[in-house]
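Q: Below: sequence and its predicted model.
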Amino acid sequence: MSHLASVNNTCDHADIHISNGNANDNDNSNDDNIVVKRVLDSNPLLEAFGNAKTLRNDNSSRFGKYIQLQFDVEDATAAAYQGKRIPSCLMVGSKCETYLLEKSRVVGHEYGERTYHIFYQLLSAPEEVKKDIWDGLETMTLESFRYVGETDTDATTLIENKTDGERWEITMRALALIGVTGEKYRALMRALCTVLQLGNLVVEDDPLNEDGSVISSHDEELEKLSDLMGVPVKDIEKALTFRTIHAAKDTYCVPLKSNMARDCRDAFAKAIYQHAFDWLVKEINHATCAERNYSDAASIEEYGSIAILDIFGYETFEVNRFEQFSINYANEKLQQKYNMDIFSSVQNEYDYEGIAMPEVPFTDNSEVLHLIEGRMGIISMLNEECLRPHGNDDSFVAKIKTVNKDTDCLVKDPLQSSSQFGISHFAGSVEYDASNFVTKNMDNLPQDLVDCSALSSNAIIMLLSMNLPIANASMKKGTTTSRNSSLTVSSKFRSQLHKLMQTIKKTKTRYVRCIKPNPEKTPKKIDLLSSVEQLRCAGVVAAVTIS
């Protein structure tokens, strides 16, 4: 956005203005300029909290975002009286909506990759700053926290020509610009420290109870977490190692086995980070939206808009999980829109003009989308498995293979295990490992952990209890299947995509295709075969041919 603004601001003939004054050339306060600066400088915040280093990209967005730039557009009649062919407009704010943050990266990552940038920035901050945030952070390094762990990076590693320490300074300035200072800033940073400290809790089998578990790390680790959250040690330990079960009028406290307790610990860390991320996005929107910040907002019925959709690209790895399935589903929806805009519209134009159109092959992905989101498709089968008592991943895969056995784009064999299935996407075939699909799709935090977060003195963590579906309540018997299904991750994402596509259909769309020039991430080097293949898979080659 900064590049777009600077280009528009240096063009003499531009009708879009980023600088002083409003669309009607009246005097305006400096507050409007501050809002525009917030819009332009908020992107580093989203990158710090939502981007990470992967094997293919040092600054990969691990979430999708839809940013609407808001404009005060001059009245067309008034512009005509002044002899203007096109009314001028002034950028006065923005709104941002985010999609599908990759939460699994919070608690683990492959060697050569990293978790989210903000953790490295925090650990690279000056020691006095770290101590001011939390005493336990002083002198800590990357290896001090299991969720960050060993990587091939250190304090001197450059991400887009800047160290993590330099990025920290940029992030802090951006936070201050949107008003995240004082107690807000402290709560946000200590929430991040809470996530880090949760990863340092070691959970093992209870030697006195084979069905139970204990936190075997030093008491000091629990005390540090207690200090960060403002919750007594005994309440944290109980929430992580026991589960409260309600049966009729009775309540039971059941011990958790170590593997389940570890899953609870990781789920708690992911939920806190997701909530902190969502909280930050709201703070950005409050500081940048024109409705709250533009001085002439009361006189404007509807803002002009230029929207930017920046969403994850098609992904295929050695092991592809629920996250890759969701990402590739989003890309299928966007590819369908691209096909309709580029190919179907051109076909209609040729037919209208009575011109014979040359046959240009392109991938029609309607069958793939029907397989994923149809009435008996993958999402429906997954939701059904989440509602079924003792539903599991193998049963889910078996159902989609049976119900969709005649669907050509579903790859059934040969696969290595009963939890695998494949889809022939527009960009190529992908094999998915369905392990934990059911668990990740439900994504509900146990009531014990929700209650634990409600006890926290940290405002961000405490508010977590007010914004989460609860595991015990979300799948109650007696409620309808459609209502229960709407609580799942895949259903919520499907609804988000549907709403997004309806919004995009109302706009005049332009496409920017990002091509990875070489697999080594080396500058000034282009792998021609790989680049052409990416262009072909994205439909660019066919689009050029048809035009």
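A: Noted; the coordinates are in hand.
Q: Can you read off the pLDDT for Phe396?
A: pLDDT, Phe396: 96.
Q: Check which helices and strands the helix or strand encompassing it is in contact with.
A: Per DSSP states H and E, Phe396 falls inside helix 393-403. When contacts are defined as 3 or more C-beta pairs under 8 Å, 6 or more residues apart in numbering; DSSP states H and E, helix 393-403 sits against helix 378-387, strand 420-425, helix 437-442. Any C-beta I mention is one placed from the backbone N, CA and C, and that applies to glycine too.
Q: so how far is the helix or strand just after it off the chain centroid?
A: Once helix 393-403 ends, the next helix or strand along the chain (criterion: DSSP H and E) is strand 410-411. For strand 410-411, the gap between its own C-alpha mean and the chain's C-alpha mean amounts to 27 Å (C-alpha atoms, centre = their mean, to the nearest Å).
Q: Over to stretch 447-457?
A: 24 Å.
Q: Show me what counts as buried in it.
A: Gln447, Asp448, Leu449, Val450, Cys452, Ser453, Leu455, Ser456 (16 or more other C-beta atoms under 10 Å).
Q: Repeat that for stretch 403-422.
A: Val403, Asn404, Thr407, Cys409, Leu410, Val411, Leu415, Ser419, Gln420, Phe421, Gly422.
Q: just curious, which of those residues is nearest to Val540?
A: Cys409 (21.7 Å; C-beta to C-beta).
Q: just checking, the closest one touches Gly422?
A: No. The pair Cys409 / Gly422 is not scored as a contact, 9.1 Å apart, by C-beta atoms under 8 Å.
Q: TSV for the buried residues of stretch 403-422, including distance to Glu533?
A: Formatted as TSV, the buried residues of stretch 403-422 follow (distance: C-beta to C-beta, whole Å):
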residue	distance to Glu533
Val403	33
Asn404	28
Thr407	25
Cys409	20
Leu410	23
Val411	20
Leu415	24
Ser419	29
Gln420	25
Phe421	24
Gly422	19
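Q: quick one: least confident of the residues you listed?
A: Minimum pLDDT across the buried residues of stretch 403-422 is recorded for Leu415, with 77.
Q: any idea how far that residue is from Phe421?
A: For Leu415, the distance to Phe421 equals 7 Å [C-beta to C-beta, to the nearest Å].
Q: do Lys412 as well
A: Distance check for Lys412 against Phe421: by C-beta to C-beta, it reads 7 Å.
Q: rewinding a little: mutual contacts of Leu415 and Phe421, please.
A: Jointly contacting Leu415 and Phe421 under the rule C-beta atoms under 8 Å, 6 or more residues apart in numbering are Glu431.
Q: quick one on the thing from earlier: in the helix holding Phe396, what's buried?
A: Residues Asp393, Ser395, Phe396, Val397, Ala398, Lys399, Ile400, Lys401, Val403 are the ones in helix 393-403 that count as buried (16+ other C-beta under 10 Å).
Q: what angle separates that helix from strand 420-425?
A: Helix 393-403 and strand 420-425 meet at an angle of 50 degrees, taking axes from the mean of the first three to the mean of the last three C-alpha atoms, to 10 degrees as the criterion.
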